[in-house]
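Visitor: Sequence first, predicted model second:
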Amino acid sequence: PPPHPPEAGTALEAQFSCPICLEVYQRPVRIAPCRHTFCGECLQPCLQVPSPLCPLCRMPFDPKKVEKASSVEKQLSSFKAPCRGCSKKVTLAKMRSHVTSCTKVQEQMANCPKFVPVVPTSQPIPSNIPNRSTFVCPYCGARNLDQQELVKHCMENHRNDPNKVVCPVCSAMPWGDPSYKSANFLQHLLHRHKFSYDTFVDYSIDEEAALQAALALSLSEN
């Protein structure tokens, strides 16, 4: 048979990619009733919240009814696609481990152009350090919300949710307690997080130094 064009392999890989991590599924699981599929590990944060919603369509689901996507797992072992680096045909089930050890892929990643702002800026240039100023909703697991979006999202979607939850903004701080649950999280959000911590906080310093820096900045602005 004639060889598949490269686009066919890319399309096949995309068809079996997790919507959260955008990589080929790893230990795929399926949500009922919407039937959307994700990597088991990627879905974990959504299962830790009181009222989980599907990350893709936002439909509420019962975490006890998340099932192993056996049919997808079988297809991952059956279908092959070319590696995006060396073009070797690899089963989709082994694509992740192959890509991490493929020297061609490593070379491509090493040669990726560095981020350069279009115009001069005083803002720090992004590095490979994870973005610490986006948060996960503690109620439904919605991801990549900045502080203002988190407040807006919770006020619009969880205003009447009685569950006690951990504040993701506070727990991201060096001094945060990841196990402390707010009795009234929405009130806490509005009172404590109207301004952005990133304006004041250097994540590499401790609470006392951060407090002094915030006080100095607020005094200089008055």
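Guide: Received, thanks.
Visitor: Which helix or strand contains the residue nearest the centre of the chain?
Guide: The centroid of the chain falls nearest to residue 143 when counting by Cα atoms, centre = their mean (5.5 Å). Residue 143 is part of no helix or strand, with elements assigned from DSSP states H and E.
Visitor: In contact with it: list those residues for me.
Guide: 20, 45, 55, 134, 136, 137 (Cβ atoms under 8 Å, 6 or more residues apart in numbering). Yep, even glycine has a C-beta here, placed from its N, CA and C like the rest.
Visitor: now do 10 Å
Guide: Contacts of residue 143 were listed using Cβ atoms under 10 Å, 6 or more residues apart in numbering, and they are 20, 42, 45, 46, 55, 134, 135, 136, 137.
Visitor: for residue 71, same thing?
Guide: 28, 30, 37.
Visitor: Then residue 155?
Guide: Counting by Cβ under 10 Å, 6+ apart, residue 155 has contacts 186, 189, 190.
Visitor: All the strands of this protein, residue numbers only.
Guide: In the chain, the segments counted as strands under DSSP state E are 28-30, 37-39, 67-68, 80-82, 89-91, 165-166, 181-182.
Visitor: And residue 213, what's its pLDDT?
Guide: At residue 213, the model reports a pLDDT of 58.
Visitor: Residue 60 - nearest residue in space that isn't next to it in sequence?
Guide: residue 53 (5.7 Å; Cβ to Cβ, 6 or more residues apart in numbering).
Visitor: And residue 27, by the same measure?
Guide: Nearest one to residue 27, counting by Cβ to Cβ, 6+ apart, is residue 40 at 4.1 Å.
Visitor: residue contacts, the one you found?
Guide: Neighbouring residues of residue 40 by Cβ under 10 Å, 6+ apart: 18, 25, 26, 27, 28, 29, 47, 66, 68, 69.
Visitor: Which parts of this protein belong to which domain?
Guide: Using automatic domain parsing, the domain parsing of the chain gives 6-101, 147-221.
Visitor: Go through those and name the closest to residue 109.
Guide: domain 6-101 (9.0 Å; Cβ to Cβ).
Visitor: Flag the shaky bits of the chain, pLDDT-wise.
Guide: The chain contains residues with pLDDT under 70 at 1-10, 112-132, 174-175, 191, 193-222.
Visitor: what's the closest of the domains of the chain to residue 108?
Guide: Closest among these, using Cβ to Cβ: domain 6-101, at 5.8 Å.
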